[in-house]
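Asks: only geometry, no sequence info:
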């Protein structure tokens, strides 16, 4: 009997939390499910940017480190 009451109370609590969640965010959920979410589309004011990388300087070679320099680090 006590287990039944506890189970019913747990289900009631879960339904209350789901109802509260749906009341607060229901519109966002329906918009996302229909494909109209503001997160699904990029903002209109942002345009794509092309980034180019060019290596102007040769890659640096490893440096010999003296113990005094290691201690300073």
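Replies: Yes, it's here. Worth saying up front: this structure is predicted, and the values here are computed from it rather than measured.
Asks: Show me what the helix or strand where residue 23 lies is packed up against.
Replies: In this structure, residue 23 is located in helix 2-33 according to DSSP states H and E. Here helix 2-33 touches no other helix or strand, going by 3 or more Cβ pairs under 8 Å, 6 or more residues apart in numbering; DSSP states H and E. Quick note: C-beta positions are derived from backbone N, CA and C, even for glycine.
Asks: Any stretches of this protein with poor pLDDT?
Replies: Filtered on pLDDT under 70, the chain yields the residue ranges 38-46, 55, 57-60, 69-73.
Asks: let's see it at 50
Replies: For the chain, applying pLDDT under 50 flags no range at all.
Asks: just how off-centre is the helix holding residue 23 within its chain?
Replies: Here helix 2-33 is found 24 Å from its chain centre; the criterion is Cα atoms, centre = their mean, to the nearest Å.
Asks: So which bits of it are buried?
Replies: Across helix 2-33, burial judged by 16 or more other Cβ atoms under 10 Å covers no residue at all.
Asks: Tell me how far residue 49 lies from residue 56.
Replies: Look at residue 49 and residue 56: by Cβ to Cβ, to the nearest Å, they are 21 Å apart.
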